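S.K.: Need the 3D shape of this:
(one chain, ligands or ions: 1)
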Amino acid sequence: MKKTTILVAGSLNMDFMMRVEHLAQSGETVLSPRYTLSPGGKGANQAVACARAGGTVAMLGAVGRDVYGESLRSSLHSSGVDTQYLLEVTDHTGAAFIGVAADGENSILVASGANLALHPQHLPDLSRVSHLLLQLESPMVSVLSYAKRAHQEGIPVILNAAPARPLEPGLLGCVHTLIMNEGELEHLTQTSLEAPGTALTVLAKARALVKQGPRVVIVTLGSQGCIAYTAEGTTLAVPSLPVEVVDTTGAGDTFVGILVAYLARGVGLAQALHAANAGAALACTRAGAQPSMPSLLEIEAFLK
Ligand code: RIB
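M.R.: Okay, here's the model as predicted:
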């Protein structure tokens, strides 16, 4: 049987977005004139970005039986994501409360709700699955169990280690491609690698992570582009593309989804990184997570 489906297992959130002059410090209240609602959640965002970039995608996740759950399902559906593995549970649909500052940077609080109902037994049959894409907004026990099953079946596991959380022992050994931003890299290497007082460079940290299992470690560097390090010892650095930043929410998810769509159709790592970088830059020029994600045509046109 031909394996053609990219399975994304992860979170779905309704994003409550507020534009603010600056992000709130601890103990501070910051006012915003209004909020807007838009579909989000790291898992759903990556599924949408991947499908819009041409991937054949199915989403495994959980929403509540409420109006937000319906709207998240329909957002996936309208981008061509297969929603047959989307569970409906009694808890409320996940929600994210996002402040976006004038420079486009954000700060996010997530109420996980229904996302916590995603359990190890919910992983479907993987016979048609070519790649499994995971993030860390789901219960860690499920992330580990899904990664182990896919790894045992020879399916490449791509892990976006976001948001920053300590990893279960054994998880990195099941991961083919590990993707994170600098903050998440910092967190991961502080909790798993770094002796107190040592300041490893990004590349040295990526190299150290490759020794723990992944064949490829990719670090996104915001306005500096991204860097990848492979188990064969290759380093690839892709510079960022200059854009007018409106909102960075979902830019990392856009990067991940596009990268996997390109890799899944056999494009080489360097070219896939360029496409992902371009798509993430485009996403920064528009507001919201899923509403900002580009189509394959837009990505290709921007790359030219
Ligand atoms: O990565 C951005 C996403 O993080 C938002 O859509 C929000 O829902 C949180 O999950």
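
S.K.: Show me what from the stretch 101-250 of the chain comes close to the ligand.
M.R.: Residues of the stretch 101-250 of the chain lying close to the ligand (CB under 6 Å from any ligand atom) are 108, 110, 137, 249, 250. Bear in mind the C-beta positions are built from the backbone N, C-alpha and C, glycine included.

S.K.: switch the cut-off to 8 Å
M.R.: Counting by CB under 8 Å from any ligand atom, the stretch 101-250 of the chain comes close to the ligand at 106, 108, 110, 137, 162, 163, 249, 250.

S.K.: what two of the residues you listed are the furthest from one another?
M.R.: Spatially, the most separated pair among these is 106 and 137, at 15.3 Å (CB to CB).

S.K.: Compare the two (neighbour count), which wins?
M.R.: residue 137 (26 against 20; other CB atoms under 10 Å).

S.K.: Might you report the residue contacts of that one?
M.R.: 10, 11, 13, 41, 42, 43, 94, 110, 112, 115, 162, 163 (CB atoms under 8 Å, 6 or more residues apart in numbering).

S.K.: And the pLDDT at the residue nearest to residue 290 when sequence neighbours are not counted?
M.R.: Once flanking residues are discounted, residue 290 sits nearest to residue 39: 4.5 Å by CB to CB, 6 or more residues apart in numbering. Per-residue pLDDT puts residue 39 at 98.

S.K.: host element of residue 39?
M.R.: Using DSSP states H and E, residue 39 sits within strand 35-40.

S.K.: Now that strand: buried residues?
M.R.: The neighbour-count check on strand 35-40 (16 or more other CB atoms under 10 Å) flags 38, 39, 40 as buried.

S.K.: and the ligand, which of those residues contact it?
M.R.: Within the buried residues of strand 35-40, those near the ligand by CB under 8 Å from any ligand atom are 38, 39, 40.

S.K.: ok, those vs residue 71, which is closest?
M.R.: residue 39 (6.4 Å).

S.K.: who wins for most neighbours among the residues of the stretch 101-250 of the chain next to the ligand?
M.R.: Busiest of these [other CB under 10 Å] is residue 250, holding 33 neighbours.

S.K.: what sits against it?
M.R.: 40, 45, 49, 283, 288, 289, 290, 292, 293.

S.K.: Excluding chain neighbours, give the residue nearest to residue 223 in space.
M.R.: Excluding its sequence neighbours, the residue lying closest to residue 223 (CB to CB, 6+ apart) is residue 240, at 5.3 Å.

S.K.: A strand includes the one you found, no?
M.R.: No - read with DSSP: H, G, I helix; E, B strand; the rest coil, residue 240 is coil and lies in no strand.

S.K.: Run through who's touching stretch 18-36.
M.R.: By CB under 8 Å, 6+ apart, the residues outside stretch 18-36 that reach it are 16-17, 97-102, 105-107, 287-288.

S.K.: now with 10 Å?
M.R.: 15-17, 97-103, 105-107, 246-247, 287-288, 291 (CB atoms under 10 Å, 6 or more residues apart in numbering).

S.K.: any bit of it sitting next to the ligand?
M.R.: No - counting by CB under 8 Å from any ligand atom, the ligand is not contacted by stretch 18-36; separation bottoms out at 12.6 Å.

S.K.: still on that earlier bit, quick one: which of the contacts of residue 250 is nearest to residue 147?
M.R.: residue 45 (19.6 Å).

S.K.: quick one: contacts for the closest one?
M.R.: Here residue 45 is in contact with 8, 10-13, 15, 39, 75, 135, 249-254, 256-257, 283, 288-290, 292-293 (CB under 10 Å, 6+ apart).
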